[in-house]
Every structure is written in C-alpha cells, then in structure tokens.
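[1] Got a sequence here, can you build the structure:
(2 chains)
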Amino acid sequence: MSWFALDTWIVLVGSACAVACALPGSFLVLRGMSLMGDAISHAVLPGLALAFLLTGSRASLPMFLGAAAIGILTAVLTQWIRRWGRLESGASMGIVFTTLFALGLILIVRGADRVDLDPSCVLYGALEFTPLDTVSVPGVGVPVPRALVVLASVALFNLLVLAAFFKEFRITSFDPEMADTLGIRSGLFHYLLMILTAVTVVAAFEAVGSVIVIALLIVPAATAHLLTDRLVPLLVLASLLGIASAGLGHLLAITVPPLFGFADTSTAGMMAAATGLLFLATWILAPRHGLLARRYRGRHREAAGPGSAEDPFHRGA
Amino acid sequence: MPGREHSARAPLSIHDLTVAYERSPVLWDVDLDLPAGSLVGVIGPNGAGKSTLLKACLDLIPRASGEVRFFGRPYREVRRRIGYVPQRESVDWDFPVSALDVVTMGLYGEIGWFRPVRRHHRERAREALAKAGIAELADRQIQQLSGGQQQRVFLARALVQRADLYLMDEPFAAVDAATQRTLTDLLQELREEGRGAVVVHHDLSTVRAIFDWVVLLNLRVVRAGPTEEVFTEENLAATYGGNLNLLAQAGEALRQREGT
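    Modelled structure (predicted):
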C-alpha cells in the first residue's frame, strides 16, 4: 500500500463530510426521525437538478437555497399527507421522498445532455475525484479541494447553529410539548433541523452521494448513543466516529480490493461500511450498553440472587 | 368576554370550550371557573378528554371554539405563571440527559434566547430536586430512574418554574407509595402558599383526601364543584355511564371512604 497527498485529501474531505453529517444526524436519531434524513437526502434531488438546469452551473448558493426550500417542503408535505391522508409518518414520508426523488432522476436524465451531471455520481458520490477540483484558500500554501472548503464550512455552520440554539434543540428534542408551553416553538426547531439536514446533504452530495450520506447522518450518532448518556459527549463522539470511519473506510478501500484481485473500490462505499463495522464493534463491546457488558451484568445479577439490583427503587413502581 | 362574565381572579376560567379530532368532538362545550388557591381533581373515564382539556388550555392542541383565561389573561401572556407536568409516557426516557438537565429545562423560558444555563440556574434545579426528594439522583441518566423517580423529576421541573398554577396530567399514575406521599405533601404545600393545581386523576379512592374541588368529565363537564358536594355516587354514575365495572369500583371506593 502506498499513501499519497491525494489519499490525505480524500480522508480530509470524508472527515469534514462525516462531521457535517454527524451534528444534525445526532438530533435526527434522538428525535426518532432517522428516516427523515433518508427522506430529505432523496428529496433534495429535484431541487439540485433544477438548480443545475436553471443556472447551468454547480454554483453553491442557489443549490443551498434550493436544498433548504426542499427540506422544508419535504417536512411540510409529510405532515400534510399524514394529517389529511390519515397515514402513519413512515408511510407519508415514503410517498413524499420517493416521488420527489423520481422527479429528480427524470430531470437529471432529461437534462443530462445539457449539464454535466452523472446519475451514478449523484447516487454514490465521487470522493476519489474531489481533490482534483481545487481552490486556493488564503493562508494555505497548497490548493485545497473545493469539496473540503464547502464541507468544512457546512460543518462549521451546523456547529454554530446548534451551539446558538443548544438549549432549544435539547428541549424540543426531548419534550416538544413542554418546550411549547415555555414559548419555545418546537415546530420552528423541527423545520430548522430539516434545513440543516438538507443543506448538509447537498454539501455531501458530490463527495459521498445521496445514498451513502444517510449512513453518515445516522450510524455514527447511533453508535455514539451506545457509548454515552450525555448529549454533548454524544455529539463529540458521533463526530469522532465519523472521522474514524473516513480514515478506516479509505484505508479499507485501498488495501482490501487488491487482496481479492481488484484494482480499487469506492471510498464512499467503504466509509459507509466502516460506520457499520464500528457500530457492530460498539454494539458488542460498549462498556454499559454493549452486548457483552449486558451479558456479564445479567450473569452477575443472577449469581448474586434476586433483590440485589443496584437500585432498590429500580422499576419499583 | 361578551355574554358571560369571567372572573379576573380565577386562576383558570374556561368558556364554551370545544375540541374536535377529525370533526368528532372529544370535548364539548366545557364551561368552568376554578377557585383560586385550591387543588382541583379532574376525574373521568378513559377517553373522557381529561388530558385533552389540559392540552387545549395550554394551546398545545387547537380548539374548535371557546376561550381560555388564566388569571383573566390569555395563556401566551401568562406562560411563566403556569407550570405543566405532562404524562410520564409522553417522552423518551432513553434521551441522553441527566435528571438535573431535565429539571433545568423548566428554566429555559426564563433564561431566554442565546444565553447559557448558569451555575445559579443549576443550583435552583438542585433545590427543586431536593424538594422532590431525589437530590442524590441529580446526575443519573433518566433511564436509570424508577417510574416514581421519573415522576419526581417531572415534578421538580415544574416546581423550579415557581408557577402560580400547575396543570398536571396523571402524576399519580403508576408511582410507588413513597412518591405518592411526596406528591400529596407537595400539593398541600402549594395550596398553603396560595398557589393551585389542576390534576388529572384516576384513583377514585384518594380523591376526597387530596382535592378541594373536582371536575367530573366525560366529553362534557358532568358536574364541577367542591368535593364534598360533587363527589357522590350518583354523579360518578352519571360520569362513568355504562361502564359498570368502573362504576362498581367507584362505588366500592366511596363506601370504603365513608366507612373509615
């Protein structure tokens, strides 16, 4: 195996992408809205396609505005269909995002001859090629991949928004009705989270594509939740796990395929696989919520006999 | 209010309140003026609209019609004076927060936008936890608390708000005897301080011991008034309607009360 500057850039882009995703992703997981990340990552496609077709370029601003609008639209449509169609939220989400996604695919295929937009790139991303498209950043001696600048900016933006409204995101995620009685409108933060997710997904598109971004939104956060019982550590851990997945994923992508006689494989795909591997390892080994720890505690408690639970009030009601 | 006088002193005054889901009413034409500084029990069968009544008062669900006034003002003008204790099952207790974090949430409205939780806020939250009798559990993740302890956390979160009126949704549901006593004591304390509480309650055998006033509810208000006058077998029969099993239990509870 040989490691080049190119590999370092790829891992850096992947890491920025993972951190940008882990921040809103953690709140999606805690709110029991993981599927909403899935929905939005698919639903933004027509917004992107329209932005491409209308402006003829991949300029960032119209794309992010389109993404934010589609994020709200997805959330609103899902609510409407649930209310007026008397469907459970999973079903109404399924209706909204598949329809929007299909619309986006049609737009891309129709416009493919006019705009440089490749459906497979939209789905799986092209992390390996991101270092080829560079910009110069003041204060940095070497050209920096444009994707890294965009993703790091989005990660910073997410961090600033979540930090500014940390109390509000915490209470509206835990107990939205209580938040409403205090005058903190839970609906507002629901939509704000949808906007953050949509903007993040658009930024992540080029790097990892619309399918794999879901893994980065959800899996590191779910893994972190197995490791900690506090919100801030959960956000930090989810980000670190995302970074670890980027490194591990790229390492796997350049080392594993040669063992089986392939040249190489998709780093983005391997990143998603790495998030899954880290989840699996954590699920088995986590100190408190892990499989082994629970087994051990169960046996321990059994051996000590009934009535030895650490807390006499536990489930005492 | 046109047509009807609303007492500006009544902590909670409800006029012609109707709430509907999918066009079928779940609360019909509720008209109430609650007395100041008293403990009011809201009693009725499952699906009678008890929780809905609290939520409609707090603007948590839309009203089809009607007016609600707290201390003579609309809710949004007097939020700070009203505390809410939701049902324990309404939240995910697996959420990564400590008991202290949850109690501190009661102060978020007061702390305001863009301001962090400070040490003196946490001190107040600790005091409230101590009042609820679980000071030593402040740093526990909330999943690791028993049902009764979780109810105490919710209670502490309401107490820290120092509200003048509390609306509580089934705080006595599935709690241990010790928690039940703490709850009863705290309610008495509120009354002694001239504050009040409206409590959705399901245990008919404890109604007389706890509440000064009862609202018997089944879609509409069957009867409302001082417990001594209103909490009778006849009125309970009217409230619980055809549910004979519940009715038998209610009668039993009343006889037990009167026997002791």
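[2] So B:L217: helix, strand or coil?
    strand (DSSP: H, G, I helix; E, B strand; the rest coil).
[3] quick one: contacts for it?
    B:30, B:42-44, B:48-50, B:53, B:239 (C-beta atoms under 8 Å, 6 or more residues apart in numbering or on different chains). The way it works is simple: take the backbone N, C-alpha and C, and place the C-beta from them, glycine included.
[4] Among these, which ones are in helices?
    Judged by DSSP state H, helices contain the following of the contacts of B:L217: B:50, B:53, B:239.
[5] Give the closest residue to the second one in space, chain neighbours not counted.
    Residue nearest to B:L53 in three dimensions, not counting chain neighbours: B:L27, with 6.0 Å by C-beta to C-beta, 6 or more residues apart in numbering or on different chains.
[6] how about stretch A:263-280: buried residues?
    A:265-275, A:277-279 (16 or more other C-beta atoms under 10 Å in any protein chain shown).
[7] how far does that stretch sit from the chain's center?
    Relative to the mean C-alpha coordinate of its chain, stretch A:263-280 is positioned 14 Å out (C-alpha atoms, centre = their mean, to the nearest Å).
[8] ok, which stretches of the stretch 101-250 of chain B are helices?
    In the stretch 101-250 of chain B, the helices defined using DSSP state H, counting those that start in this stretch lie at B:108-111, B:119-131, B:147-159, B:177-192, B:207-210, B:227-230, B:233-240, B:244-259.
[9] Show me what the fourth one is in contact with.
    Spelled out, it's helix B:177-192. Contacts of helix B:177-192 (C-beta under 8 Å, 6+ apart): A:317, B:37-39, B:131-133, B:148-149, B:151-152, B:155, B:159, B:166, B:171-172, B:175, B:196-197, B:199, B:209-210, B:212.
[10] Any stretches of the chain with poor pLDDT?
    Answering for chain A, as no chain was given. Scanning chain A for pLDDT under 70 picks out the ranges A:1, A:57-59, A:112-117, A:119, A:264, A:301-317.
[11] think we crossed wires, I meant chain B
    B:1-8, B:242-260.
[12] what residues are up against the residue of the stretch 51-200 of chain A found nearest chain B?
    The stretch 51-200 of chain A approaches chain B most closely through A:L182 (3.5 Å), counting by C-beta to the nearest C-beta. Neighbouring residues of A:L182 by C-beta under 8 Å, 6+ apart: A:171, B:79, B:106, B:108-109.
[13] one more time with 6 Å, if that's ok
    B:108-109 (C-beta atoms under 6 Å, 6 or more residues apart in numbering or on different chains).
[14] got the contact list for B:A224?
    B:32, B:215 are the contacts of B:A224 under C-beta under 6 Å, 6+ apart.
[15] picking up where we left off before, tabulate the helices of the stretch 101-250 of chain B (TSV), appending mean neighbour count.
    Listed next are the helices of the stretch 101-250 of chain B as TSV, based on neighbours: other C-beta atoms under 10 Å in any protein chain shown:
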stretch	mean neighbour count
helix B:108-111	18
helix B:119-131	17
helix B:147-159	26
helix B:177-192	16
helix B:207-210	17
helix B:227-230	15
helix B:233-240	18
helix B:244-259	13
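[16] could you redo those as CSV and give each row distance to A:P62?
    CSV is the format used below for these (distance: least, C-beta to C-beta, whole Å):
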stretch, distance to A:P62
helix B:108-111, 36
helix B:119-131, 43
helix B:147-159, 44
helix B:177-192, 57
helix B:207-210, 62
helix B:227-230, 65
helix B:233-240, 61
helix B:244-259, 62
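[17] Out of those, which gets nearest to A:F101?
    helix B:108-111 (37.4 Å; C-beta to C-beta).
[18] Give me the contact status of that closest one with chain A.
    Yes. Helix B:108-111 comes into contact with chain A (C-beta under 6 Å from any C-beta of the partner chain), by way of B:108-109.
[19] which other residues reach that helix?
    Residues from elsewhere that reach helix B:108-111 (C-beta under 6 Å, 6+ apart): A:167, A:171, A:182-183.
[20] try stretch B:125-141
    Residues contacting stretch B:125-141 (C-beta under 6 Å, 6+ apart): A:229, B:98-100, B:103-104, B:149, B:152, B:155-156, B:159-160, B:182.
[21] ok, so of those, who is nearest B:D92?
    Nearest member of the contacts of stretch B:125-141 to B:D92, counting by C-beta to C-beta, is A:D229, at 13.1 Å.
[22] Can you name the residues that contact the closest one?
    B:96, B:141.
[23] Where does it sit: helix, strand or coil?
    coil.
[24] That one and A:P287: what is the separation?
    Using C-beta to C-beta, to the nearest Å, A:D229 is found at 11 Å from A:P287.
[25] same deal with B:L32?
    With C-beta to C-beta as the criterion, B:L32 and A:P287 are 53 Å apart.
[26] Who's the closest spatial neighbour of the residue positioned nearest the centre of chain A, skipping the chain neighbours?
    Nearest to the mean C-alpha position of chain A, counting by C-alpha atoms, centre = their mean, stands A:L217 at 1.7 Å. Leaving aside its sequence neighbours, A:L217 sits nearest to A:G25 (C-beta to C-beta, 6+ apart; 3.6 Å).
[27] now do B:P25
    B:P25's closest residue in space is B:T18 (C-beta to C-beta, 6+ apart), at 5.9 Å.
[28] A:V135: how many residues sit nearby?
    13 (other C-beta atoms under 10 Å in any protein chain shown).
[29] so what's the backbone phi/psi at it?
    Here is the backbone geometry of A:V135 (degrees, to the nearest 10): phi -130, psi 160.
[30] Quick check: bridge partners of it?
    A:V144 (DSSP bridges).
[31] Minimum distance to A:V144: which of the helices of the stretch 101-250 of chain B has it?
    That would be helix B:108-111 among those, by C-beta to C-beta, at 39.8 Å.
[32] Only C-alpha atoms, please: export that closest one in PDB.
    Below are the C-alpha coordinates for helix B:108-111, written out as PDB (Å, rounded to 0.1, in the frame of the first residue of the first chain):
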ATOM      1  CA  TYR B 108     -35.200  27.600  29.700                       C
ATOM      2  CA  GLY B 109     -38.100  30.100  29.100                       C
ATOM      3  CA  GLU B 110     -36.800  32.300  31.900                       C
ATOM      4  CA  ILE B 111     -33.100  32.100  30.800                       C
END
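[33] In whatever helix or strand A:T78 lives in, which of the residues would be classed as buried?
    When elements are assigned from DSSP states H and E, A:T78 belongs to helix A:60-84. In terms of neighbour count (16+ other C-beta under 10 Å), helix A:60-84 has its buried residues at A:60, A:62-64, A:66-68, A:70-75, A:77-78, A:81-82.
[34] Direction-wise, compare whatever helix or strand comes next after that helix with helix A:60-84 and give the angle.
    Counting by DSSP H and E, the next helix or strand C-terminal to helix A:60-84 is helix A:89-111. Going by axes from the mean of the first three to the mean of the last three C-alpha atoms, to 10 degrees, helix A:89-111 is angled at 140 degrees with respect to helix A:60-84.
[35] next helix or strand past helix A:89-111?
    According to DSSP H and E, the helix or strand after helix A:89-111 is helix A:119-124.
[36] Are there helices or strands packed against that next one, and which ones?
    In terms of contacts (3 or more C-beta pairs under 6 Å, 6 or more residues apart in numbering or on different chains; DSSP states H and E), helix A:119-124 is packed against helix A:186-227.
[37] hey, what's the most centrally placed residue in chain B bridged with?
    Centroid check for chain B by C-alpha atoms, centre = their mean gives B:M168 as the closest residue, at 1.8 Å. Per DSSP bridges, the residues bridged to B:M168 are B:V85, B:V199.
[38] From chain A, how far out is it?
    12 Å (C-beta to the nearest C-beta, to the nearest Å).
[39] Having no further points to raise, I will conclude here.
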